[in-house]
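# Need coordinates for the following:
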Amino acid sequence: MNDSTRTSEAELREKVRELMNDTRIAMLTSVDTDGTLVSRPMGTQEVVEDGDVWFITTADSDIVDELAVDSQVNVAYSGKSSWVSVSGTATVVRDVAKQKELWNTFTSAWFDGGADDPAVRLIRVTPHTAQYWDSPGGVRTMLSMLTSAATKGTPKTGESRTVDM
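I've put the predicted structure just below:
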């Protein structure tokens, strides 16, 4: 692998992080204890440089039970003109220092006991791969779709890539 490939992969990972950070709420999909897929909206607290994603939940939430059985998850983001789908492994963490670091007005609205609350848990998702779609959006995308419909061509709606995280 040459330096330009590494730079390109690093740039792609950074693009994924930027797209994830642009959207506050993600759909976190886990495997229920009976084997069915379950998706729920979760507020992203942090996306760190290595790609890990942090969420806050409570110890008695269904997702904590689900992750004890199967730690494979998907985190999906949908913005105004971009989408990201991350597959990875989730870990339930009890770390009061990290909870305090992540705590904000948004989390205070959902969790009454504060960052020190013994019922609060963190979920850290370590991504394996991410796929993103980034569209220029607006009039440009609409014109491309209309032109493609008229000419029976494929619309040029932006970029889509799969990235090893």
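
# Which SSE is immediately downstream of the helix or strand of the chain with the lowest mean pLDDT?
Least confident helix or strand of the chain, by mean pLDDT, DSSP states H and E, is helix 138-151 with a mean of 52. Following the chain from helix 138-151 toward its C-terminal end, the next helix or strand by DSSP states H and E is strand 159-164.

# Give me the buried positions along that next one.
residue 163 (16 or more other CB atoms under 10 Å). Glycine gets a C-beta too; all of them are placed from N, C-alpha and C.

# same check, this time on stretch 41-51
42, 44-45, 47, 51.

# Out of the residues you listed, flag the one nearest to residue 58.
Using CB to CB, residue 42 is the member of those that lies nearest residue 58, at 12.1 Å.

# Direction included, what does the helix or strand encompassing the closest one pair against?
In this assignment (DSSP H and E), residue 42 forms part of strand 37-43. Partners of strand 37-43 in the sheet, by DSSP bridges, are strand 25-31 (antiparallel).

# what's the average pLDDT for the strand it pairs with?
On average, the pLDDT along strand 25-31 is 97.

# The chain should start at 417 in everything you say after this.
In the new count, where the first residue is 417, that last one comes out as strand 441-447.

# Keeping just the C-alphas, turn it into CSV.
What follows is strand 441-447, C-alpha atoms only, in CSV (Å, rounded to 0.1, in the frame of the first residue of the first chain):
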residue,chain,number,x,y,z
ILE,A,441,-29.6,11.5,16.0
ALA,A,442,-28.8,8.0,14.7
MET,A,443,-30.8,4.9,14.3
LEU,A,444,-29.0,2.2,16.3
THR,A,445,-30.0,-1.3,15.2
SER,A,446,-29.3,-4.3,17.4
VAL,A,447,-30.4,-7.9,17.6
